[in-house]
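fold the following.
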Amino acid sequence: MSKASTPNTIEIAGQPAVISYVPELGAFRGKFLGLTGYCDFVSDSIQGLKKEGEISLREYLDDCKAAGIEAYTHQEKIKTFTLRYPESFGERLTQAAAEHETSVNAYIIETLNERMKHA
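Numbers count the residues shown, from 1 in each chain. Below you'll find the predicted structure:
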């Protein structure tokens, strides 16, 4: 089973989503970001992604409302810092993020959070 290719982002109904091509499905898979739960959608075209994404997001929001669940994560103030690393590390980092179908920044944050749980 091969991995999905490098993900891209798209905005659907004002909500960002990560889009990857999944060769096994012969289709694109989208996953919304910034939600408290999991919400994804699949289509074989970009137009289809937009349509399916809108449907999936609407259903997710309706389900959250019906269950009394907060649909969106709360945004914290974002801090930045400079990280110096060898070029070869950057290539490995980009590949690892793509394999996890996330951005490099999100992958770094997730990895650091996981390590800090054990500190």
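
check which residues of whichever strand or helix holds residue 29 are buried.
Under the criterion DSSP states H and E, the helix or strand holding residue 29 is strand 27-32. Residues of strand 27-32 classed as buried by neighbour count (16 or more other C-beta atoms under 10 Å): 28-32. Backbone N, C-alpha and C define where each C-beta goes, glycine included.

mind listing the helices for the protein?
46-67, 87-99, 104-117 (DSSP state H).

any idea which of the ones you listed is most buried?
helix 46-67 (a mean of 15; mean count of other C-beta atoms under 10 Å).

now the longest strand seen in the chain, how far from the centre of its chain.
Longest strand of the chain, by residue count under DSSP state E: strand 15-22. Strand 15-22 sits 6 Å away from the centroid of its parent chain (C-alpha atoms, centre = their mean, to the nearest Å).

so for that strand, mean pLDDT?
Taken as a whole, strand 15-22 has a mean pLDDT of 92.

list the beta-bridge partners for residue 41.
Beta-bridge partners for residue 41, by DSSP bridges, are residue 30.
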